[in-house]
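J.: Here is my input, please return the structure:
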Amino acid sequence: MAGLATTAIVELNQTANRFKSSIVIRIDNKFIDAKSILGLSLTLLGNQSYRLEIHGPDEAEAREAMLAVFNKHGLSVESA
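T.: Coordinates of the predicted model:
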């Protein structure tokens with residue numbers, strides 16, 4: 001099973017948890033709560049393309065921070 005490095009998953013989770021906004025990572029027809037370390041660990045694979053969906057009071061800041069983590073780890077992401 002080829003998953004993301006633990007450091008990428010932990011960093012995505014920790015970054016998401018800094019914000020009040022809802023942060024969801026969409027992969028095809030799956031929706032993963034970025035604040036759930038278990039959800040991230042079980043579903044994220046490095047060779048996929050992700051869609052980031054963020055809604056809430058601090059969504060601009062959350063989007064910027066999450067995109068930075070995705071880019072840092074070389075993950076393909078688009079933002080809704």
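J.: Contact partners for the nearest residue to Ser36 once chain neighbours are set aside?
T.: Nearest non-adjacent residue to Ser36, counting by Cβ to Cβ, 6 or more residues apart in numbering: Asn13, 7.6 Å away. (Glycine included, C-beta is placed from N, CA and C.) Contacts for Asn13 (Cβ atoms under 8 Å, 6 or more residues apart in numbering) come out as 34-37, 40.
J.: what residues does the lengthiest helix in the chain touch?
T.: With secondary structure taken from DSSP state H, the chain has its longest helix at helix 59-72. Outside helix 59-72, the residues that touch it by Cβ under 8 Å, 6+ apart are 8, 11-12, 15-16, 18-19, 21, 23, 34, 50, 52, 54, 56, 76-77, 79.
J.: Show me how to select, in PyMOL, the buried members of those residues.
T.: A single PyMOL command selects the buried members of the contacts of helix 59-72 (16 or more other Cβ atoms under 10 Å):
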select buried, resi 8+11+12+15+16+19+21+23+34+50+52+54+77
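J.: quick one on the thing from earlier: now the contacts of Asn13 in TSV, with pLDDT and distance to Ile27?
T.: Formatted as TSV, these follow (pLDDT from 0 to 100; distance: Cβ to Cβ, whole Å):
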residue	pLDDT	distance to Ile27
Ala34	97	12
Lys35	97	16
Ser36	95	14
Ile37	93	16
Leu40	90	11
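J.: Assumed the residue nearest to Ser36 was part of a strand.
T.: No. Applying DSSP: H, G, I helix; E, B strand; the rest coil, one finds Asn13 to be helix, outside a strand.
J.: Return the distance of the closest residue in space to Lys30 that isn't next to it in sequence relative to Pro57.
T.: Closest residue in space to Lys30, ignoring its immediate chain neighbours: Thr43 at 6.1 Å, by Cβ to Cβ, 6+ apart. The gap separating Thr43 from Pro57 is 27 Å, by Cβ to Cβ, to the nearest Å.
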